[in-house]
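K.L.:
One predicted model, sequence on top.
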2 protein chains.
Amino acid sequence: VQKREIQLMRLNELPAETRDGKMLSLKANIEIPEEVDAVESHGADGIGLYRSEFLFMKSSTLPDEEEQYDAYSRVISAMKRRPVTIRTLDLGGDKLMHSMNLHGGVEKNPILGWRAIRFCLSHVDIFRTQLRALLRASVHGNLRIMFPLISGVQELKEALAIFQAVKLELQQENIPIAENIPAGIMIEVPSAAMTSDLLAKRSNFFSIGTNDLIQYTLAVDRGNEHVAYLYDPLHPGIIRSLKMIIDNAHKAGISAGMCGEMAGDPLYTLILLGLGLDEFSMSSFGIPQIKQIIRSTSILEAEEFVGRVLEMDSPDAIVDFVSTTMEDKFDITG
Amino acid sequence: VQKREIQLMRLNELPAETRDGKMLSLKANIEIPEEVDAVESHGADGIGLYRSEFLFMKSSTLPDEEEQYDAYSRVISAMKRRPVTIRTLDLGGDKLMHSMNLHGGVEKNPILGWRAIRFCLSHVDIFRTQLRALLRASVHGNLRIMFPLISGVQELKEALAIFQAVKLELQQENIPIAENIPAGIMIEVPSAAMTSDLLAKRSNFFSIGTNDLIQYTLAVDRGNEHVAYLYDPLHPGIIRSLKMIIDNAHKAGISAGMCGEMAGDPLYTLILLGLGLDEFSMSSFGIPQIKQIIRSTSILEAEEFVGRVLEMDSPDAIVDFVSTTMEDKFDITG
Ligand SMILES: [Mg+2]
Ligand SMILES: [Mg+2]
């Protein structure tokens, strides 16, 4: 095991390039600034998902602009010029009630509830404060901003309008911000997948959030022991959704990434390569193994593999085929 | 108002036929056998959704095979040879716990939980009893069986296997059942929409359950006051899903119906006609008005209308266009 680890760590200096020359981006998911060291030591070429929620959960009051600015700046500076993708607040109303002295009542189906961008668009003060902190921190490096749980064009327009207004406000206050900060969205709601052609025209990048996308698409709360068995990244409905999202991103000339667990699971690397995914974001520790798979295959091979998966209509057959292939070719057991 | 009602009631004897000769089927949704009178008096040509849940909710014990047989037989006989679509149990585990002396714990997200076909496939005894009662009742008329919440091919195969086994069992007991009882499915999970081509090959008909389909596709619990505003049948992601489902049904040579609220709302009749929907099922009282719209338009007009809706990418523009058109053409206000 140690020998294998040393071997994997040697990969750090090598690019995530397929044998036929496609360069992939492998990024890290982090929750707190302290994780940046692990990001460095595992060869990530950026941060694909910085979850800003921790700042909002750790105390009983909302973090102010300065506190957020400090946290974002630390991560952005530490990563030097490499991209740092910070997701705006992705919490449910229930989780924030304590810090806001609000009493919104208990939600019956919080996963389908008042969360993420929905919550931010109805609490513009909280959203603006976060965007101010982000924009101010942008001068320290290479920031990308990402909105979670976008369900359609309308919400994206609203979020972008507030983003523009905050930019203008800072400019009028003569506070420096970086130029051309990319604003992307998570694709994790089925309606966003279904309208990804429209959303791609208005976003600078996509990041597919498979955990939620799979839950919604299959109508399954995977935290529910009675139905968790239905949660399946290889369901043909999921593979087809991923294909649609990635194809629509490329048609609009933007990159398609993924920051859900599927991106860090080596069982799915060949499928995601074949579907055309450009960027994989995951726990730092998973990066070397995914890189190794990428470096030992080709896009041609991956596309041929996906072609066969897309022709199969039995989920059992797909799972068998994927497991067998990944074990034979890469020694990966699913 | 009374004059209008009389006028509408006169429609009972006329078919739901467009001006260019497409014959639509207008059916009724019912919950209890007593509603059959209203079905008759409003000109329904069958029952598109008989919710069997009432039988399971009205007492603290599960209904046995005889009690179910009686209820189903009454409705099937009363409707003579017109089709009666009975949906198998569509309850959540939580709702049945009392009658089963089970303690499965409270679900955090019941809408994404242990419901409907999922519950039946893990309680095969309850499912078999219902299927036995249904099959025995089938000799009294024209029964169609419908499975709710199918998420993919695997679940459908399992449900059909049990259905076949129960049929065989009854035949071996020399209990008469009707020949060729159609078995269809509700399309209400996004993954079912995404794989509707595969499901159509294994079903005798589709019935689109828009209430759940919209909730899952938009990731919205419409019972949640904070997010109910997002629930929108005209979201481009919904319209495109409906188109995909209906097109896939037709490619496989089966009919596409709808039994969600959208089918009974006159605001959406022209869109649904243009998308190719074959069967509208709704509360009996809504049938005359929907029939009047169908009789005063053509498929050509409806298709042209849908073509324009599908080209629009702004939800606001779609809502405006649909409301204005329906008001101008049919005096319908949305
Ligand atoms: Mg999410
Ligand atoms: Mg339903």
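P.N.:
Arrived safely, thanks for sending. Ligands and ions are numbered 1, 2, ... in the order given.

K.L.:
what comes up buried for the longest helix seen in chain A?
P.N.:
For chain A, the helix that runs over the most residues, judged by DSSP state H, is helix A:153-172. Within helix A:153-172, the residues that count as buried by 16 or more other Cβ atoms under 10 Å in any protein chain shown are A:153-156, A:158-159, A:162-163, A:166-167, A:170. C-betas here are computed from N, CA, C, even on glycine.

K.L.:
same thing with stretch A:290-303?
P.N.:
For stretch A:290-303, the buried set under the neighbour-count rule, 16+ other Cβ under 10 Å, comprises A:290-294, A:297, A:299, A:301-302.

K.L.:
Check the burial of the residue nearest to residue A:285 when sequence neighbours are not counted by counting its neighbours.
P.N.:
Distance criterion Cβ to Cβ, 6 or more residues apart in numbering or on different chains; nearest residue to residue A:285, sequence neighbours excluded, is residue A:42 at 6.3 Å. Residue A:42 has 21 neighbouring residues, counting by other Cβ atoms under 10 Å in any protein chain shown.

K.L.:
ok, now which ones touch residue A:42?
P.N.:
Each residue near residue A:42 by Cβ atoms under 8 Å, 6 or more residues apart in numbering or on different chains is listed here: A:9, A:12, A:28, A:284-285, A:287-288.

K.L.:
And those residues, which two are furthest apart?
P.N.:
Greatest spatial distance among the contacts of residue A:42 (Cβ to Cβ): A:9 and A:28, at 15.1 Å.

K.L.:
Comparing these two, which shows the higher neighbour count?
P.N.:
Neighbours were counted for residue A:9 and for residue A:28 using other Cβ under 10 Å; residue A:28 has more, 30 against 13.

K.L.:
Alongside ligand 1, which residues does chain A contribute?
P.N.:
For chain A, the contact set with ligand 1 under Cβ under 5 Å from the ion comprises A:188, A:209, A:212.

K.L.:
ok, 6 Å please
P.N.:
Contact residues (Cβ under 6 Å from the ion) of chain A with ligand 1: A:148, A:188, A:209, A:212.

K.L.:
In CSV: these, plus secondary structure and distance to chain B.
P.N.:
Shown next, in CSV, are those (DSSP: H, G, I helix; E, B strand; the rest coil; distance: Cβ to the nearest Cβ, whole Å):
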residue, secondary structure, distance to chain B
A:148, coil, 11
A:188, coil, 8
A:209, coil, 11
A:212, helix, 8
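
K.L.:
between these, which is nearest residue A:116?
P.N.:
Relative to residue A:116, the closest of these is residue A:148; by Cβ to Cβ it sits at 4.2 Å.

K.L.:
Residue A:207 is in contact with that closest one, correct?
P.N.:
No. Counting by Cβ atoms under 8 Å, residue A:148 does not reach residue A:207; the two are 9.3 Å apart.

K.L.:
okay, and the common contacts of the two?
P.N.:
Common contacts of residue A:148 and residue A:207, defined by Cβ under 8 Å, 6+ apart, comprise A:185-186.

K.L.:
which of the residues in stretch A:129-137 are buried?
P.N.:
Residues of stretch A:129-137 classed as buried by neighbour count (16+ other Cβ under 10 Å): A:129-137.

K.L.:
export the residues of chain A next to ligand 1 to TSV and tack on pLDDT?
P.N.:
Putting those into TSV (pLDDT from 0 to 100) gives the following:
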residue	pLDDT
A:148	98
A:188	98
A:209	98
A:212	97
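
K.L.:
Dump these to JSON lines, plus neighbour count.
P.N.:
Shown next, in JSON lines, are those (neighbours: other Cβ atoms under 10 Å in any protein chain shown):
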{"residue": "A:148", "neighbour count": "25"}
{"residue": "A:188", "neighbour count": "27"}
{"residue": "A:209", "neighbour count": "28"}
{"residue": "A:212", "neighbour count": "23"}
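
K.L.:
re the thing from before, of the buried residues of stretch A:129-137, which belong to helices?
P.N.:
A:129-137.

K.L.:
for the residue nearest to the spatial centre of chain A, what are its contacts?
P.N.:
The residue lying closest to the centre of chain A (Cα atoms, centre = their mean) is residue A:259, at 3.0 Å. Going by Cβ under 8 Å, 6+ apart, residue A:259 touches A:27, A:29, A:48-49, A:85, A:186, A:207-209, A:281-282.

K.L.:
mind running it again at 6 Å?
P.N.:
By Cβ atoms under 6 Å, 6 or more residues apart in numbering or on different chains, the contact list for residue A:259 reads A:29, A:48-49, A:207, A:281.

K.L.:
With secondary structure added, can I get these in a markdown table?
P.N.:
Conversion of those to a markdown table gives the following (DSSP: H, G, I helix; E, B strand; the rest coil):
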| residue | secondary structure |
| --- | --- |
| A:29 | strand |
| A:48 | strand |
| A:49 | strand |
| A:207 | strand |
| A:281 | strand |
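
K.L.:
Most widely separated two among those residues?
P.N.:
It's A:29 and A:207 that sit farthest apart of the contacts of residue A:259, by Cβ to Cβ, at 10.3 Å.

K.L.:
So these two - more neighbours on which side?
P.N.:
Ranked by neighbour count (other Cβ under 10 Å), residue A:29 and residue A:207 place residue A:207 first, with 27 against 24.

K.L.:
helix, strand or coil for the spatially closest residue to that one that is not a sequence neighbour?
P.N.:
Leaving aside its chain neighbours, residue A:207 sits nearest to residue A:257 (4.4 Å; criterion: Cβ to Cβ, 6+ apart). The assignment at residue A:257 comes out as strand when based on three-state DSSP.

K.L.:
OK, contacts around whatever residue of the stretch 151-300 of chain A ends up closest to ligand 2?
P.N.:
Per Cβ to the ion, residue A:219 is where the stretch 151-300 of chain A lies closest to ligand 2, at 9.4 Å. Shown in contact with residue A:219 (Cβ under 6 Å, 6+ apart): B:112, B:189, B:216.

K.L.:
follow-up on the earlier one: partner strands of the helix or strand following the longest helix of chain A and their direction?
P.N.:
Following helix A:153-172 in sequence order, the next helix or strand is strand A:183-187 (DSSP states H and E). Strand A:183-187 has the following sheet partners, assigned by DSSP bridges: strand A:142-147 (parallel), strand A:205-208 (parallel).

K.L.:
Would you convert those into JSON lines that also reports mean pLDDT?
P.N.:
Converted to JSON lines, the strands paired with strand A:183-187 look like this (pLDDT from 0 to 100):
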{"stretch": "strand A:142-147", "mean pLDDT": "98"}
{"stretch": "strand A:205-208", "mean pLDDT": "98"}
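
K.L.:
Let me know which of those is tucked in deepest.
P.N.:
Of all the strands paired with strand A:183-187, strand A:205-208 carries the top mean neighbour count, a mean of 27, counting by mean count of other Cβ atoms under 10 Å in any protein chain shown.

K.L.:
where's the spatially closest residue to residue A:157 that is not a sequence neighbour, which helix or strand?
P.N.:
Excluding the flanking residues, the one nearest residue A:157 by Cβ to Cβ, 6+ apart is residue A:202, at 7.2 Å. For residue A:202, there is no enclosing helix or strand under DSSP H and E.
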